[in-house]
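Engineer: next one to model:
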Amino acid sequence: MAALTKDRATSYREGVEIDYPVAADTIIFAGSLVCVNSNGYAVPAADTAGYKFIGIAMAQADNKGGGNGDKKVRVRRSGVFEFDAGSITQAMVGEAMYVVDDHTFDDAAGATNDIKVGVLVKYVSATTGWIDISR
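Structural biologist: Residues are numbered from 1 along each chain as shown. Below is the predicted model:
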């Protein structure tokens, strides 16, 4: 495309919450970690090849029995959230954390696909912490 030669009316939104089409035959629960699969459809987060973390589900999306994109899920893409952890320590504060499943994160140790979920900003216990998912 050629460079602009006049002003352009550009659509805008904050981008904090975005709706994503849900994968076929999938249920995403409110408050869960969400990824998109290799086809770009929202799925419950998992340490699965081809998945990319996109945020936290704001409401349940039940697409069980539906086709790709028949339902949408609203996802919050930034913020600090408390989730379960595999096995973290206070010394990990400030380090990147990775998806284990739709409600659990951990440091990269033992992760197969290293799908980054955010940064640990507050240690609560070995099995609970606050992660900043902001990009």
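Engineer: pull up the pairing partners for the strand ranked longest in the chain, direction included.
Structural biologist: Ranked by number of residues, the top strand in the chain under DSSP state E is strand 116-125. Partner strands and pairing direction for strand 116-125 (DSSP bridges) are strand 96-101 (antiparallel), strand 128-132 (antiparallel).
Engineer: just the pLDDT at the most centrally placed residue in the chain, thanks.
Structural biologist: For the chain, residue 55 is the residue whose C-alpha lies nearest the centre (C-alpha atoms, centre = their mean; 2.9 Å). Predicted confidence (pLDDT) at residue 55: the value is 98.
Engineer: OK, contacts around it?
Structural biologist: Contacts here follow C-beta atoms under 8 Å, 6 or more residues apart in numbering; on that basis residue 55 touches 18, 33-34, 75-78, 133. All C-beta atoms are positioned from the backbone trio N, CA, C, and that covers glycine.
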